[in-house]
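Trainee: Sequence first, predicted model second:
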Amino acid sequence: MKILIVTAKIPEKFIKEIVASYMRSKNNTDLSIDVVSSEKPVAALMNKFDLERVLEKLKQDLRQYDLIITPGLLIGDIAEICGKYSVKCFKGTRFAGDLPRVIDAIIHGFFHRKRDGF
């Protein structure tokens with residue numbers, strides 16, 4: 001599974017550290033996670049249009065991802081934007097520290113597709 005995590009500028013380094021630590025602890029060769037940031041400094045200032053700008057820049061590469069995780073504090077409904085790019089998206093939690101639990105839950109299928117937006 002290949003996952004793209006979209007975040008904001010300031011937490012980008014922290015998110016990359018969390019992902020690197022997670023990948024070391026799981027040692028899962030079937031899992032690949034990339035992190036990209038929007039131009040907004042913090043996730044609470046991001047909205048669905050910021051997500052659209054990020055996805056537009058990456059549109060040639062989006063097909064390689066099975067899922068995109070966005071910040072939980074991102075303002076607005078992401079379904080329309082993700083549908084436009086034909087990608088599965090999931091709004092994460094409010095806290096970056098929960099990211100390993102979110103990834104585990106997604107990998108183990110704990111989210112229902114229709115209810116959770118993908």
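Mentor: It's in.
Trainee: Could you pull out the strands in the protein for me?
Mentor: 2-7, 32-37, 67-70, 89-91 (DSSP state E).
Trainee: What residues does the residue nearest in space to the middle of the chain make contact with?
Mentor: Per C-alpha atoms, centre = their mean, the C-alpha nearest to the average position across the chain is that of Ile69, at 1.8 Å. By C-beta atoms under 8 Å, 6 or more residues apart in numbering, Ile69 lies in contact with Ile3, Leu4, Ile5, Val6, Cys89, Phe90, Lys91, Gly92, Leu99, Val102, Ile103, Ile106. No exception for glycine: its C-beta is placed from N, CA and C like everyone else's.
Trainee: Determine the number of other residues adjacent to the fifth one.
Mentor: Spelled out, that is Cys89. Cys89 has 23 neighbours, counted by other C-beta atoms under 10 Å.
Trainee: Next: the fourth one.
Mentor: Taking other C-beta under 10 Å as the criterion, the count of residues near Val6 is 26.
Trainee: Which pLDDT value goes with Asp98?
Mentor: Note for Asp98: predicted pLDDT of 94.
Trainee: quick one: contacts for Asn47?
Mentor: Neighbour list for Asn47: Leu74, Ile75, Gly76 [criterion: C-beta under 8 Å, 6+ apart].
Trainee: Which residue, other than its chain neighbours, is closest to the first one?
Mentor: Counting by C-beta to C-beta, 6 or more residues apart in numbering, Leu74 lies nearest to Met46, which is 4.7 Å off, once chain neighbours are set aside.
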